[in-house]
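Trainee: Just a sequence and a predicted model for now, questions to come.
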Amino acid sequence: DREEVVSTAIGHAVAVPHAYLNEIEDPLVIFVRLKHSVNLGAPDGIPTRFLFILVGPKNYASEHLDTLTTIARVMSDEQFRYDAAVALTGDDLLRALDEFVLRTSIPTAEEPSPTPEGLTYSGYPGGGIVNDIKRRWPHYASDFKDGLHSKCLASILFLFFACLAPTVTFGGLMASLTEGQIGVVEMIISVAMGGIIYVLFSGQPLSILGGTGPMLVLTVLIYQMCKDMFPEQYSELFLPIYAWIGLWTALFVILMAIFEVTNLIRYFTRFTDEIFAALISLIFISEALKNLWGFLNQAWDENDTVHHDQAFLSLILALGTFMVAMSLSRFRRSHYLRPKMREFLADFGPSIAVIAMTIFAFSFTDISSPNPEVELDALKVPETFGPTIEGRSWLVDLGALPNWLIFGTALPGLLVAVLVYLDQNI
């Protein structure tokens, strides 16, 4: 009867139904986790999954308010809500409460946090590598077997598109900025081969490799320096210079691992991680908006139906992909369909958005038709498998550079090694 008058759902999938009667001698808090969420009219619109049932005598008003305050504070913590959702026993729930207290308590200055095992110096060159292998070897096989779980399928598909999309994007950008020296085909092959080798021998199968904004900027700068320093030979010298930079980078990274330079990561703060992630995100977002603005600006300059159609379709595809992905990611909190279906749509939201918008684009830009309704720019890739520049060999002549230039590439190689160190360790 009390719930029918006013719902006690307070948000964050939590409700606090309560009854205070003189017949009850001691106050009790009963935790209930529902198998399926129900809509109890919470202010944030999230279906209720957790119930804290409060019962006790009527003369416990002040204690009742204290209990409500504690429940609200605990359930506002996202990590505790997750732990409460996956807890299998009462002991698991109590353990989650203990971890919440430790996580939210103010640490004392006299108790410095211990250095993690993987960030302590071994005392001899190469000791960090040996210790890493000893730590990871017992879990090496399980890392791959655990990935075969059905719940991982959504993450696998999401990461596939998350890895493929920037690879194609940066490959197209590099092809235009390096005049075809490095294109989409080269980027896909390098990311695929590097990624497979990395996950097999690094003991970290959840890490993915791919092109990033800083690497794009660095590659373009190297290409521009080659054009400025060797205006007549830059097309023949760019790839050998780029290859030597990669070899120097590999050498410096190996030396960093041997002398355990990566242990310095413990001195980095959370701010370093967030500002680095913000940099990568801004580069991705800015490149997407820059390409979209290019279509709109070209349509404005040309002022014809063809370019207007291209710009309008590009805008629809961009906004459609964003809206579908965001809407499906929020579908987990919806009241429609069954819980499992909501979970499926939320997990596969980005993948569904990319596939749906791709099909939508092909319906207007059928490349098999001689007169498609709208023509969008296609990536410049060779018709058959091979380098972007036809007739060029896959192999790079490392001996094409003079000795002074080979050693000169060590400086940008050191810069790239530092970028790799920050990116992978953070």
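Mentor: Done, it's in. Numbering: from 1, shown residues only.
Trainee: For stretch 265-277, buried residues please.
Mentor: I265, F276 (16 or more other C-beta atoms under 10 Å). From N, CA and C alone the C-beta is placed, and that goes for glycine too.
Trainee: Pull out the CA atoms of it and give them to me as PDB.
Mentor: The C-alpha trace of stretch 265-277 is given here as PDB (Å, rounded to 0.1, in the frame of the first residue of the first chain):
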ATOM      1  CA  ILE A 265      55.200   4.700 -15.100                       C
ATOM      2  CA  ARG A 266      54.400   4.500 -11.400                       C
ATOM      3  CA  TYR A 267      55.200   8.200 -11.100                       C
ATOM      4  CA  PHE A 268      52.600   9.200 -13.600                       C
ATOM      5  CA  THR A 269      49.300  10.400 -12.300                       C
ATOM      6  CA  ARG A 270      45.700   9.900 -13.500                       C
ATOM      7  CA  PHE A 271      45.900  13.300 -15.200                       C
ATOM      8  CA  THR A 272      48.600  12.000 -17.500                       C
ATOM      9  CA  ASP A 273      46.300   9.100 -18.600                       C
ATOM     10  CA  GLU A 274      43.300  11.400 -19.100                       C
ATOM     11  CA  ILE A 275      45.100  14.100 -21.000                       C
ATOM     12  CA  PHE A 276      46.700  11.500 -23.300                       C
ATOM     13  CA  ALA A 277      43.300   9.900 -24.000                       C
END
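Trainee: let's number from 23 now, not from 1
Mentor: Shifting the count to begin at 23 puts that one at stretch 287-299.
Trainee: just how off-centre is that stretch within its chain?
Mentor: Distance of stretch 287-299 from the chain centroid (C-alpha atoms, centre = their mean, to the nearest Å) equals 16 Å.
Trainee: what do you get for stretch 323-341?
Mentor: The answer for stretch 323-341 is 30 Å, by C-alpha atoms, centre = their mean.
Trainee: and that stretch, which residues are buried?
Mentor: For stretch 323-341, by 16+ other C-beta under 10 Å, it's H329, H330, D331, Q332, A333, L335, S336, L339, A340.
Trainee: Mind checking which of those residues land in helices?
Mentor: H329, H330, D331, Q332, A333, L335, S336, L339, A340 (DSSP state H).
Trainee: Tell me the one among those residues nearest to V51.
Mentor: Ranked by distance to V51 (C-beta to C-beta), these are led by A340 at 49.5 Å.
Trainee: Counting neighbours, what do you get for T89?
Mentor: When neighbours are counted by other C-beta atoms under 10 Å, T89 registers 18.
Trainee: I meant to write F122 there.
Mentor: A count of neighbours around F122, defined by other C-beta under 10 Å, yields 17.
Trainee: Isn't it up against V96?
Mentor: Yes - assessed by C-beta atoms under 8 Å, F122 is found in contact with V96 at 6.1 Å.
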